[in-house]
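Participant: Whatever this is, show me its structure:
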Amino acid sequence: INGFRMLNSIKKYSGPLLLIFFFFAIFLQNIRPIHSYNVDVWWHLKSGQWIAENGLPSEDPFSFTTPQKTSERKHILLKGYWLSQSSYYLLYKSAGFKGLVLFNAFVFTLILFLIWKALRNFGLAPFEACLLMVPLINMDYPNIRPQVFSFLFAVLLFYFMEKGLKSLDDEPSRHPRAMIAMPVVMLLWSNLHQGFIVGYGMLGIYLFSEAFSFARKKDLLSKSRFKTVSLYVSLSLLSSLINPNFIYSPVYVFKTLLIPTPLKKNIIEYLNPFEYATYTGDMTSLFKIIAVALFVITQMVTSLKRLKLRDLLLFAFFATAALSSVRFGAFLMYFSVAISGRYLSPLLARYRQRLGVYFAFGCLLLSIYLIAASNPTSLKRKPVDTTFLPVGAVDFIKDRRLPAQIFNPYEWGGYLIWRLYPEYKVFSDSRMLDYGVQLKYETARGGMKTAVFDEFGINTVIFYPVYINKLTPPIVLSLLKDPNWSSRAQVGKWGEE
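Facilitator: Just a heads-up that it's a prediction; the model follows:
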């Protein structure tokens, strides 16, 4: 009898324990040091410090070249990320860079957990849902940036909307309590990251799908359902306007995405996935996106009788966005996997009895592999990768108290803001708040420095001696040939501690 009780206990708790083990493995897999190529994290942290100590800025406190004039881009970038920036800074203040890295790992684990919950709501068994998420586990994420919150809140919006619609399907007369969270999601999202415009697209798709269903059926049930969805979509849209930039945030983001601007050519994330793969030489992410997209299309084509309009429109929306800009690739991956669960579930149901134990075993093997492949001890040694950061050069500037103003590469601008402000302000950084200044930066970087240096009173230059492609920047060659500068040149090492 005791043996049977023990066996039943093992069967009862083995499933939940394996799921906990699985998500713990995902958490460990996402513990990654802040990469030196993450040029934005530094000015986001410094902005968070400024906001926490002074409130929202009206002018740029970090660059001496930003004109004192109103512009949409400056207005949005100075105030549009205040909640994520201040949250990051306060977390850093209390837990350091290790705390930021662990929080980032938690956020991405939470994203996959929400997708897993959505797949379960679509009818997949627990371990089937785990294995379906394999393409999402080791994606190339931007770490410690407000954009991370857009991934999370897009998935949250999808989860609450789908859960609400499911409750309306099961009990049409019952109020969909899950939808109550949607306005809160949009309120927070619009103050965390400008990617909340993605939520507008999702809400519009759900509203159009319900309107189409109502127009086709024209019965009282469809009318009531449409009114309920319309109410929560409207409340969600209105709540998103409660942000420092009000209506200007969505208007600016729409214009940025739809209208080509000179600044966009300098931002790698605006490249389409084919251009990005060519630029980086890494085709892995591109092939993964194509494979997942084809998988979803196959599921939809083979399930035309059960195909839901909202799934088709969501997939088309994210596929179009991902094809136009690589920054939307993660959205397409997340929603492709989530949507596919609805159509894969009936197929797997036929084999669930026979293959259930194999799915569990596969989940166990995957978890063991993820833990073996992770390197959480690197966090203890070095939470920030400084390989391509001018650590030694910044120390030199601070120790010798070199004179302002500084001319710097825009890629290092964020790091210089973090390390040198308020004693020094930067010439340029990855925010690129003014196109005119960016043109002057490009002119000076190209070697024609004299007029630019005279205009802004440049006394100190910090610049990398070679590009990634091993070529020397023209401004470095110009400085070495100029007797007024070459005699004062100092060469340091990147990432020097």
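Participant: Can you list the low-confidence ranges for the stretch 101-250 of the chain?
Facilitator: Scanning the stretch 101-250 of the chain for pLDDT under 70 picks out 140-142.
Participant: And the strands in it?
Facilitator: In the stretch 101-250 of the chain, no segments count as strands under DSSP state E, counting those that start in this stretch.
Participant: same thing with the stretch 251-400 of the chain?
Facilitator: Taking DSSP E, counting those that start in this stretch as the criterion, the stretch 251-400 of the chain carries no strands.
Participant: Sketch out the low-pLDDT regions of it for me.
Facilitator: In the stretch 251-400 of the chain, residues with pLDDT under 70: 262-266, 378.
Participant: Need the residues that contact stretch 62-70.
Facilitator: Contacts with stretch 62-70, where a contact means C-beta atoms under 8 Å, 6 or more residues apart in numbering, come from 43, 46-47, 59-60, 74, 404-405, 413, 417, 421, 425-429, 433-434, 436-437, 440, 456. Any C-beta I mention is one placed from the backbone N, CA and C, and that applies to glycine too.
Participant: Now with 7 Å, please.
Facilitator: 43, 46, 59-60, 74, 405, 417, 421, 425-429, 433-434, 437, 456 (C-beta atoms under 7 Å, 6 or more residues apart in numbering).
Participant: now that stretch: mean pLDDT?
Facilitator: Stretch 62-70 shows a mean pLDDT of 92.
Participant: Tell me the buried residues in that stretch?
Facilitator: In terms of neighbour count (16 or more other C-beta atoms under 10 Å), stretch 62-70 has its buried residues at 62-63, 65-66.
Participant: Show me the two of the residues you listed that sit farthest apart.
Facilitator: Greatest spatial distance among these (C-beta to C-beta): F62 and T65, at 10.3 Å.
Participant: returning to that earlier point: what about burial for the contacts of stretch 62-70, which qualify?
Facilitator: If we count by 16+ other C-beta under 10 Å, the contacts of stretch 62-70 have these buried: 43, 46, 60, 74, 405, 417, 421, 425-429, 433-434, 437, 456.
Participant: and the two most separated of those residues?
Facilitator: So, the buried ones among the contacts of stretch 62-70 by C-beta to C-beta: farthest apart are K46 and F456, at 21.0 Å.
Participant: phi, psi of V426?
Facilitator: As for V426, its main-chain torsions (degrees, to the nearest 10) stand at phi -100, psi 160.
Participant: Next, work out how far apart it and D434 are.
Facilitator: 13 Å (C-beta to C-beta, to the nearest Å).
Participant: on that earlier part again, among the buried residues of stretch 62-70, name the ones in helices.
Facilitator: Using DSSP state H, no member of the buried residues of stretch 62-70 sits in helices.
Participant: could you dump those to JSON lines with distance to S240?
Facilitator: Converted to JSON lines, those look like this (distance: C-beta to C-beta, whole Å):
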{"residue": "F62", "distance to S240": "28"}
{"residue": "S63", "distance to S240": "29"}
{"residue": "T65", "distance to S240": "33"}
{"residue": "T66", "distance to S240": "28"}
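Participant: longest single helix anywhere in the chain?
Facilitator: helix 82-121.
Participant: mind checking how far that helix is from the chain centre?
Facilitator: Chain-centre distance of helix 82-121: 11 Å, with C-alpha atoms, centre = their mean, to the nearest Å.
Participant: Can you list the buried residues in it?
Facilitator: 82-89, 91-92, 97, 100-105, 107-119, 121.
Participant: and the residue nearest to A451 when sequence neighbours are not counted, how far is that from I475?
Facilitator: Using C-beta to C-beta, 6 or more residues apart in numbering and skipping residues adjacent in sequence, the residue nearest A451 is T443, 7.8 Å away. In this view, T443 and I475 are 10 Å apart by C-beta to C-beta.
Participant: burial measure for the closest residue to L364 other than its chain neighbours, as a count.
Facilitator: Using C-beta to C-beta, 6+ apart and skipping the chain neighbours, the partner closest in space to L364 is L18 (6.1 Å). Neighbour count for L18, taken as other C-beta atoms under 10 Å: 17.
Participant: Do you know the pLDDT at L18?
Facilitator: 94.
Participant: Need phi/psi at it.
Facilitator: According to degrees, to the nearest 10, L18 has phi -70, psi -40.
Participant: doesn't G362 make contact with it?
Facilitator: No. L18 sits out of contact with G362 when judged by C-beta atoms under 7 Å, with a separation of 10.8 Å.
Participant: For N245, what are phi and psi?
Facilitator: phi -100, psi 0.
Participant: For it, give its distance to P146.
Facilitator: 14 Å.
Participant: Likewise for L416?
Facilitator: 20 Å.
Participant: give me the number of residues near the nearest residue to K398 once chain neighbours are set aside?
Facilitator: Excluding the flanking residues, the one nearest K398 by C-beta to C-beta, 6+ apart is L420, at 7.1 Å. Applying other C-beta under 10 Å, we find 20 residues neighbouring L420.
Participant: Ok, Y424 next?
Facilitator: So Y424, with other C-beta under 10 Å, has 23 neighbours.
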